[in-house]
Structures are given as structure tokens and as C-alpha cells.
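Colleague: Have a look; sequence and predicted model below, questions after that.
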Amino acid sequence: MLKLSEQVYSAMRTHGEETYPHECCGVLLGRSEGDVNCVEDAVRAGNTRTDSAHNRYNIAPQELVKIQRQGRERGLDIVGFYHSHPDHPAQWSKTDFAEAHWLGCSYVITSVQKGRATVTNSFLLTGSGEDDKAFLDEALEVERCSVAAL
């Protein structure tokens, strides 16, 4: 399960609307507690794809490391990633799956139809490696994580 506050949920969806008709992307910082990823912050990242930013995204490795360091300074880990699908469903694509490598992380996708965020879904990347990884539908709960969970 993925838990995040209304503020984080809205921030991801707004980011998708602002970058439309291109895909937005970002990193989810928080903590994992058992089978729950509790998100404390959504950090915007630049989409470095210049060839097809309308249907692909890429976060530069240097930016990802910077976000990871900033999170660790706050006692947080990368627990997921988010991006938008302009004028497409909030469902992972073959490319999304092929480029997903952070096992145990949540991958959140928001469908942005004609500039408006509609559906937001989450998928958990499971498995022990590239050979057996899989995306599982993940419940997304818009609710602050309890202090005990963090």
C-alpha cells in the first residue's frame, strides 16, 4: 500500500497538469514500514527526454543522487517515483516496466486528459531482480502517515 498526504497527492497531479502535453516526473521520499510505503514528500525532477517528452520520461542520474542525498539528510529514503501520462490511461506501459529497476518502490502514474489530471494509480515493483520483476496494482491511500509509521 502507498500512503501519502493530500498535499503530496495534489502536488503530483498539479505537476502533471503544468507540464502537459509532456510527461512530468519526480521522486517520492518517505519510509517503508512492512508492506506500506509512507510518502512524506514528492520532489519534482526534470524530464531529460528531448526526443519524445510527450510519452517518455527520464530523470538524470545526477539529479536522482542529489534527491536521494537530500532525503537521507532528512532521514527519508526513496520509496517511489511518479510521472504523468498525457492523454493516456494511468496504466504502466512496456517502456515504464522496462525502465523500472527500484524493487520495492511504488510507481505512481497520473493520467492527464486535455491538461486536467484525472485518474492516479500506483504500482509496486516486486521481485528479486530483473528476471522476475513484476508490477502489482497497489492501493493508494490519501492519508497522512501516522507518526508511529514514520
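Modeller: Thanks, I have it.
Colleague: show me what contacts L140?
Modeller: Taking Cβ atoms under 8 Å, 6 or more residues apart in numbering, we find L140 in contact with M1, L2, L4, V108, T120, N121, S122. Using the backbone N, CA and C atoms, a C-beta is placed for each residue, glycine as well.
Colleague: From R116, how far off is T14?
Modeller: Distance of T14 to R116, given as Cβ to Cβ, to the nearest Å: 11 Å.
Colleague: So which residues of the protein form helices?
Modeller: For the chain, applying DSSP state H gives helices covering 6-19, 61-73, 94-98.
Colleague: among the ones you listed, which is nearest N55?
Modeller: Closest to N55 of those is helix 94-98 (Cβ to Cβ; 8.1 Å).
Colleague: Would you mind checking the average pLDDT for the closest one?
Modeller: Helix 94-98 comes out with an average pLDDT of 96.
Colleague: Need the CA coordinates for that helix. CSV is fine.
Modeller: What follows is helix 94-98 as a C-alpha-only set of coordinates in CSV (Å, rounded to 0.1, in the frame of the first residue of the first chain):
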residue,chain,number,x,y,z
LYS,A,94,6.0,-1.6,-21.6
THR,A,95,8.6,1.2,-21.6
ASP,A,96,7.6,2.1,-18.0
PHE,A,97,8.2,-1.6,-17.0
ALA,A,98,11.4,-2.0,-18.9
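Colleague: higher neighbour count, T14 and R116?
Modeller: T14 (14 against 11; other Cβ atoms under 10 Å).
Colleague: Now do the contacts for the more buried one.
Modeller: A117.
Colleague: ditto for the one 10 residues further on
Modeller: Applying Cβ under 8 Å, 6+ apart, we find C24 in contact with H15, G16, E18, R44, N47, Y57, Y82, H83, S84.
Colleague: again with D41
Modeller: Contacts for D41 (Cβ under 8 Å, 6+ apart) come out as V8, L28, L29, G30, G71, R74, L76.
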